[in-house]
Structure formats: C-alpha cells, structure tokens
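1. When you get a sec, could you give me coordinates for this:
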Amino acid sequence: MANTYHQVYIQAVFAVKYRKAILEGSWRKEVFGVIGNLINETGCKTIIVNGVEDHVHCFFSLKPTISISELMKIVKAKSSKYINDNRFLLDRFEWQVGYGVFSYGHSQINTVYQYVANQETHHANESFMEEYLKYLDRFEIPYEERFVFKELE
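-> Residues are numbered from 1 along each chain as shown. Predicted coordinates for the structure are as follows:
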C-alpha cells in the first residue's frame, strides 16, 4: 500500500517526582499547553492535556512513526526543562520515573476527553494513587502495589 493509515488513541499519565503537589494553579495550565505543543511537534495530535497539582493526563492520537517511550521521554524532559527555565519553583523540578499508558478506540474519545477535562472535580474525591491503581486494574495490567510508586534510586 502506498499510504499508512492509523487510528491510535493514547492516554498517558505521569506524576511529579514523589507525587509532590507542586504544579501550582497560577502556571499549571501554561505547562499543560507546553506539553500539548511538545506532543504536536512530534507529529502526534494532542486532544487534551490536564491534571492537578501532582500529576498530568495527556490524551492524544499517536503517530505510528514514533514510539510511546520516545514521546514520553521528549515530553517529560522538555516540559521539566521549561518549568525549571521559567523558575516556577524554588527547587529543581522533576517528573517521577515512568508513566502509565492506556489505549482507546475512536468511540471512547468523548468519554476520555471529559474525564481528563474534569480532573479537579474528580480528584476532590479520589487521590492520584487510587485513580492510577484503578486504571491498572481496569486495563488488567499486572502489578505489585508496593512497587508501583517506588522511585528508582
């Protein structure tokens, strides 16, 4: 075939190192915009980026010529550099090692979009850890809870 056709929708979730609640409201949306632009610069298409003080959700259409690991490396490295270069925090900013990635079909776009858009309301009732473990269970991803949030030393 002369052309490549694809339809891959991904939700990536990653946290601030040690899950610190430091993504402040005064600049958080700006950083989410930067993350969306970084995703788009790879040829992928951002649908929505949102989150709360301790983590972010990125929902996007994945371009088949880039791996998820390559995309996450770019997004996390360049967005943390952006935060540090703009001195939003007194201390050095880092994302937690690792991330969660979940795939969806076209018919689920609106549901996932609404979920990501309503993060602040959602997290008034559920912590990031509770949410993340529910995702792993819902997608039947095997894990040992004691290792899920352990930082590499």
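2. Please save the CA atoms from the worst-scoring helix or strand of the chain on mean pLDDT in CSV.
-> Comparing helices and strands within the chain by mean pLDDT, DSSP states H and E singles out helix 145-148 as the least confident, with a mean of 78. Taking C-alpha atoms only, helix 145-148 is exported to CSV below (Å, rounded to 0.1, in the frame of the first residue of the first chain):
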residue,chain,number,x,y,z
GLU,A,145,1.3,-2.3,44.5
ARG,A,146,4.5,-1.9,46.7
PHE,A,147,6.5,-1.2,43.5
VAL,A,148,4.0,1.0,41.6
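3. Now do it: which elements does it pack against?
-> In terms of contacts (3 or more Cβ pairs under 8 Å, 6 or more residues apart in numbering; DSSP states H and E), helix 145-148 is packed against helix 128-138. In short, each C-beta sits where N, CA and C put it, glycine included.
4. Give me the neighbour count for the spatially closest residue to residue 94 that is not a sequence neighbour.
-> Excluding the flanking residues, the one nearest residue 94 by Cβ to Cβ, 6 or more residues apart in numbering is residue 17, at 4.2 Å. Residue neighbour count, defined by other Cβ atoms under 10 Å, stands at 15 for residue 17.
5. doesn't residue 146 make contact with residue 133?
-> No: using Cβ atoms under 8 Å, residue 133 makes no contact with residue 146, being 11.8 Å away.
6. So between those two, which is more surrounded?
-> residue 133 (15 against 7).
7. Surely residue 21 is in a helix?
-> No: counting by DSSP: H, G, I helix; E, B strand; the rest coil, residue 21 is located in no helix; its state is coil.
8. quick one: it from residue 135, how far?
-> In this view, residue 21 and residue 135 are 19 Å apart by Cβ to Cβ, to the nearest Å.
9. So which of the two has more stuff around it?
-> Taking neighbours as other Cβ under 10 Å, residue 21 and residue 135 compare with residue 135 leading, 14 against 11.
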